[in-house]
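# Mind looking at a prediction? Sequence and model below.
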Amino acid sequence: MPAPAAPNAMLTLDNLGKRYAGQGQPALSGVSLSLPAGDILGLLGPSGCGKTTLLRLVAGFEQPDTGQVWVAGRPVASDDHWLPPEQRPVGMVFQDYALFPHLTVAENIAFGLQHRQGLSRAAGRGRVAEVLDLVGLSAYADRYPHALSGGEQQRVALARALAPQPALILLDEPLSHLDAQVRLRLRHEVRRILKETGISGVFVTHDQEEALSISDWIGVICQGKLEQFGRPEAIYRTPASRFVAEFVTQANFLPAQSLGSQAWQTDLGLLTLPLAGAAGDLMIPQESLSLEPDESSPVVIQDCQFLGRERRYCLRTPAGREVHARVNQTPQLAVGTHVRVRVDADQVRLFETRPADPQFSFSINSVTGSKPAGNRVDAV
Ligand code: ADP
Ligand code: MG
């Protein structure tokens, strides 16, 4: 059996694949990645793309059809190795908390320690107190789950997974049942706790902002395949495919035609962009647009949302296309205002349409040549 590629990896997947009985398409195929020890991987992808399947294969709740899983330098699943879930140094946190309603908070956490051999009762109690402190719930040890908020219940679930001191924690959309404010707070808490304990994590979510903010690495999955694996910023700035770009960046995609000499015809008008290519879709991040009132422009503000630090404008182009712009300019521009749109050319990428397969094939061309940061190009 080949050794996993990276010697300091906490988790290595090698050509991992799984097809459920009776399913035509595999739920997961050809997934290979390596997560360095102490790091957090955010797994991002739409519902049904195989995220939970990947976690279940790592935890040992499913057996792979192809490939290998290595945890902490040991093979746990391959053609000739199989370690049952309870023998893997892996903890799991589920979306629905999965606490035992008839056990107190402390008893729920102690439950995860039952299988630990050689742990005295006193040491077990000490460990429960320690993880309760880590998740900020020391005062809640004797409460029952029904007397806790959703966020508190998820903290208990996290404490329960942490108690046996796993090398790796798998979190399956752990925040998706919580309201927005609690989600934001817990997102930072989870990262802090994992970093403080040095435990590696795989955090599954379908929320791109959550994935980008919590993770050291991002893996984007589409229909069972790993589309891209890399640092959050690299994924955001240089998406490897149109799918990744649309799913992760929430950017605008505008059809564009090159007229030569860096001039591109778009719905927003003529843009001057130093891009190589003939035609395709421009990826224009929402934050790369700025607006200026101009009665002669055919682009009009259709809606405006106040998001706190910034506003999100929905613009309508003459062709009836919606374009979104996140800007923090004051004062607010009224709905119905005609605006001239400026685009930060450095942030624009082209997904070029290939003549042979105009609908589905795209190649990427980034802005060519080096240009000063913040260079702005007017749409005229
Ligand atoms: P995600 O967590 O990304 O939403 P899942 O890993 O749960 O996706 O599912 C991936 C695919 O596998 C889906 O098409 C789903 O219907 C299918 N699937 C998941 N679990 C089973 C199962 N136990 N039996 C059959 N098909 C399954
Ligand atoms: Mg799932």
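Here it is on my side, so go on. Ligands and ions are numbered 1, 2, ... in the order given.

# With ligand 1 as the reference, measure out to the closest residue to L289 other than its chain neighbours.
Distance criterion C-beta to C-beta, 6 or more residues apart in numbering; nearest residue to L289, sequence neighbours excluded, is A325 at 3.8 Å. Yep, even glycine has a C-beta here, placed from its N, CA and C like the rest. Per C-beta to the nearest ligand atom, to the nearest Å, A325 is found 31 Å from ligand 1.

# next one: phi and psi at A325?
phi -130, psi 130 (degrees, to the nearest 10).

# got it, and T66?
phi -130, psi 160.

# got it, and the one 4 residues further on?
Backbone torsions for W70, taken as degrees, to the nearest 10, come to phi -120, psi 130.

# which residues sit in contact with it?
With contact set as C-beta atoms under 8 Å, 6 or more residues apart in numbering, W70 has these partners: P4, A9, L11, T12, L13, D14, V76.

# so which of these comes closest to Q332?
Nearest to Q332 among the contacts of W70: L11, at 47.1 Å, using C-beta to C-beta.

# I'd guess the closest one is in a helix, am I close?
No: using DSSP: H, G, I helix; E, B strand; the rest coil, the assignment for L11 is strand, not a helix.

# and of the contacts of W70, the nearest to ligand 1?
For the contacts of W70, the closest approach to ligand 1 (C-beta to the nearest ligand atom) belongs to L13, at 14.3 Å.

# my read: the closest one touches V69, true?
Yes: using C-beta atoms under 8 Å, L13 is in contact with V69, at 6.0 Å.

# Find me the pLDDT at the residue nearest to L289, would you?
Note on A325: pLDDT of 96.

# residues contacting it?
Contacts of A325 (C-beta under 8 Å, 6+ apart): Q286, L289, S290, L291, R312, Y313, L315, V341.

# pLDDT on stretch 215-231, on average?
pLDDT averaged over stretch 215-231 gives 97.

# Columns pLDDT on top of the contacts of A325, output as TSV?
Formatted as TSV, those follow (pLDDT from 0 to 100):
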residue	pLDDT
Q286	93
L289	94
S290	91
L291	94
R312	94
Y313	96
L315	97
V341	93
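
# Would you mind giving me the ChimeraX syntax to select the buried ones in those residues?
To isolate the buried ones among the contacts of A325 in ChimeraX, judged by 16 or more other C-beta atoms under 10 Å, type:
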select :286,289,290,291,313,315,341
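
# Provide a list of residues in contact with the nearest residue to N252 once chain neighbours are set aside.
Nearest non-adjacent residue to N252, counting by C-beta to C-beta, 6+ apart: I284, 4.5 Å away. Counting by C-beta under 8 Å, 6+ apart, I284 makes contact with A251, N252, F253, L254, V323, V343, Q347, V348.

# burial count for R342?
Neighbourhood size, R342 [other C-beta atoms under 10 Å]: 18.

# Quick check on it: phi, psi?
According to degrees, to the nearest 10, R342 has phi -110, psi 150.

# ok, now the one 5 residues further on?
Main-chain torsions, Q347, degrees, to the nearest 10: phi -100, psi 0.

# Which residues are in contact with it?
I284, P285, E287, S288.
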